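Enquirer: from the sequence below, what's the structure:
(2 chains)
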Amino acid sequence: MTLLRNPVAQKRWQRFKQSRRGYISAWLLLVLTTLSFGAELLANHRPLLVSYQGELYFPTFGAQHSGKDFGLDIDYEPNYRELQKQFRDAGEGNWVLMPPIPFGPLENDLIAGDFPPHAPSLTTRHYLGTDTSGRDVLARLIYGFRTAMLFSLVLLVFNYAIGVAIGCMMGYWGGAFDLFFQRIIEIWSNVPFLYVIMIVASIITPGFWTLLFIMAFFGWTAMTWYMRTATYKEVSRDYVMAARALGASGSRIVFRHILPNSVSTLITFVPFSVASGITALTALDYLGFGLPAPTPSWGELLKQGTENMESLWLVGSVVVAMTLILMLVAYVGEAIRDAYDPRKFSFYE
Amino acid sequence: MLGYFVRRGLLIIPTFIGITLLVFSITRVVPGGPIERMMTQAQLGGEAGSLHRSEGGGTLSDEQLEELKRYYGFDKPLLSSYASWLKQVLRFDLGLSTRYQDPVWDIIKERFPVSVFYGVTTLVLTYLVCIPLGLLKGMYHGSRFDNLSSAVVFLGYALPSYVIGIALISVFAGYYDWFPLGGFVSDNFEELSPLAKAKDVFHHAALPLIAYLAGSFAVTTLMMKNALMDNLSADYMRTAAAKGLSLGKSVRRHALRNSLIPVATSFGNNISLLIGGSFLIETIFNIDGIGLLGYEAIIERDYPIVMGILVISSLLYLIGNILSDICVAIVDPRIRFGGGSR
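Expert: Here you go, the predicted structure:
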């Protein structure tokens, strides 16, 4: 934790906190992400709590409860929304506590006498309406956000890990290794990124991890290039020569001296990587080359929205959600940049 | 300096080979190529008892399969079939589309005008708007004008252009019906008078153009503004202020040219947009440009077209990078690429 305790880092942190917009956005983003990781408690067809004959049940996690547990004559999982109504009508002191959005992301809720997509309404409790197969839009938005966020965060870890490792080696060793990877990076960064991913994804219908590996396979170059330059700069500094003169091994110089000095700047890229991860995944999903079908995703909702333009709530909710999240991310990014590189001034003031 | 650019030009060759070889192997190694597609089609045809019935009861015979493989060059090992493909490309022959059986080059050429129209208009509008706007924002940083325009610019900066495109088409074409739902021109385009033709094109182009612009617009404006602000705090600007030049004059005479350097650097990247277009926006607005062609080719596994578009777009990108360097050299006389002075 020496990385965080040094005075430069603390000054940057102070500056980051001073930019109110960025600081608040960072908190909001953190809260939203944390909430989305508890999505099962926010939007679910299973209730948070069932009280039946004086006993409490927590059906959210764990094995399914069959209808028999709650005095119904069915072996499969009961429809808890109806159970809630039945309990209320019976008035025997049994009750069901549903999450704020009483629908799961994969559940088709077809309303009799109307074809999906259903418009938003408070009475059906589809606050943002349903999609073309009667699945709740708000539930899918929340779960989709979780998928997108998780995806871009893991992708970021992969890209940065590869980038830091190879970039550091290129910068520290130089020579043939450096030259070889320079050519590779040149080829890789000139590949039309999304186009090639589309080609690959069209051939092997990818799952979450496959798609992640494909994206990381084509996306590691930017960080590598940055780390290479940063390492080169540090290697030529006097303190590295001093460490070498003291007899420090190569790995010690890299891990104890060069990395702590060069890695901290990587933070300035993080918000932009997160944003581009979300954007790229949504684009792939929109085009149909992303995650497989029932996975809740923003891109898939966008696709449905463009195919059903009279149902404006489909496109509307995704666009608003994306605007919100990406604006927050951009504000955080701006604030971090400012913290690392204090505001420029003009002589005409 | 000339030597440097010649070297850069020659370096295009290995990079180009690397890119195409990479994608070529991907299309080759993985299953689901045109032959598999034909076989499934033949099978489906056999089951449905349609026109393909004559083809030996649904599946292809071994000889037919061999013939097909030879036709597509799948019978040779990867590297030698890549070599023969490359030899063809050098003769400007991109092969035949497996879908249309037409030369790939002709198909791509047909789509050029549409993509070039959008590319050029976007490029011109971007630079016409962004450079002055960025300058003004930098000069009056923190003013109300700066803050108001920042809100718009930031929106365009945060949102990817395809999302803006989808929002635009849903609201203004789907819901309000003010603009057509896509396409490049109306069906009755040929019958219109020249004036009505122009009107028709721009009526169709308005929404996609906004979407295209939204992407490059924000980036260029912010780049321009930041570059100017960097220069405003430079020593030579202090000197200019000290000798009594007004803000406008000192920016025009001193800071402007220096601030254009980063914008010039990005010029080359915009070249590939000029023709390649964005397949996302073309798909959304159903514009028959090169982007949409590439998207359809991927779905249909029409690899000659996929490779053809890759050839063109990667060449443009590589040339664009060199163009960027040339632009930078023009704007900044201090820069001597590859010079021995360093």
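Enquirer: so after the helix or strand harbouring residue B:265, what's the next helix or strand?
Expert: Counting by DSSP states H and E, the element that carries residue B:265 is helix B:256-276. Sequence-wise, the next helix or strand downstream of helix B:256-276 (DSSP H and E) is helix B:279-284.
Enquirer: what sits up against that following helix?
Expert: Applying CB atoms under 8 Å, 6 or more residues apart in numbering or on different chains, the contact partners of helix B:279-284 are A:194-195, A:283, A:286-287, A:306, B:115, B:161-162, B:165-166, B:169, B:182, B:208, B:211-212, B:287-292, B:294-295. For glycine as for every other residue, the C-beta is placed from the backbone atoms N, C-alpha and C.
Enquirer: which of those residues fall within helices?
Expert: A:194-195, A:283, A:286-287, A:306, B:115, B:161-162, B:165-166, B:208, B:211-212, B:290-292, B:294-295 (DSSP state H).
Enquirer: quick check: residue A:63 is in a strand.
Expert: No. Per DSSP: H, G, I helix; E, B strand; the rest coil, residue A:63 lies outside any strand segment and is coil.
Enquirer: phi, psi for it please.
Expert: phi -70, psi 160 (degrees, to the nearest 10).
Enquirer: same check, this time on residue A:57
Expert: phi -120, psi 140.
Enquirer: ok, now which ones touch the closest residue to chain B within the stretch 1-150 of chain A?
Expert: At 10.4 Å from chain B, residue A:21 is the closest residue in the stretch 1-150 of chain A, using CB to the nearest CB. Shown in contact with residue A:21 (CB under 8 Å, 6+ apart): A:331, A:334-335.
Enquirer: try 10 Å
Expert: A:328, A:331-332, A:334-335 (CB atoms under 10 Å, 6 or more residues apart in numbering or on different chains).
Enquirer: now residue A:50, what's its secondary structure?
Expert: Applying three-state DSSP: residue A:50 is strand.
Enquirer: what about the nearest residue to residue A:290 once chain neighbours are set aside, how many residues nearby?
Expert: Leaving aside its sequence neighbours, residue A:290 sits nearest to residue A:284 (CB to CB, 6 or more residues apart in numbering or on different chains; 3.8 Å). Neighbours of residue A:284 under the rule other CB atoms under 10 Å in any protein chain shown: 22.
Enquirer: likewise for residue B:135?
Expert: When neighbours are counted by other CB under 10 Å, residue B:135 comes out with 22.
Enquirer: what residue in chain B comes nearest to chain A?
Expert: Closest point on chain B to chain A, by CB to the nearest CB, is residue B:174, at 2.7 Å.
Enquirer: you'd agree that residue is in a helix?
Expert: Yes. Counting by three-state DSSP, residue B:174 falls inside a helix.
Enquirer: nearest residue to it other than its sequence neighbours?
Expert: residue A:309 (2.7 Å).
Enquirer: SS state for the one you found?
Expert: coil.
Enquirer: my read: it touches residue B:170, true?
Expert: Yes. Residue A:309 is in contact with residue B:170 according to CB atoms under 10 Å; the separation is 5.3 Å.
Enquirer: between the two, which one's more packed in?
Expert: Neighbour totals were compared for residue A:309 and residue B:170, and residue B:170 leads with 24 against 18 (other CB under 10 Å).
Enquirer: check that one and give its pLDDT.
Expert: Here, the pLDDT recorded for residue B:170 equals 85.
Enquirer: just residue B:39 next, same as before
Expert: pLDDT at residue B:39 comes out at 66.
Enquirer: helices along the stretch 151-300 of chain A, start to end?
Expert: Per DSSP state H, counting those that start in this stretch, the stretch 151-300 of chain A carries helices over the ranges A:175-190, A:193-203, A:208-219, A:221-235, A:238-245, A:250-252, A:259-262, A:270-287, A:298-307.
Enquirer: got the contact list for the spatially most central residue of chain A?
Expert: With distances taken as CA atoms, centre = their mean, residue A:149 lies nearest the centre of chain A, 0.6 Å away. Residues counted as contacts of residue A:149 (CB under 10 Å, 6+ apart) are A:29, A:32-33, A:36-37, A:274, A:277-278, A:281, A:325.
Enquirer: closest to residue B:227 out of those residues?
Expert: The nearest member of the contacts of residue A:149 to residue B:227, counting by CB to CB, is residue A:274 at 25.4 Å.
Enquirer: show the pLDDT at the closest one.
Expert: pLDDT, residue A:274: 91.
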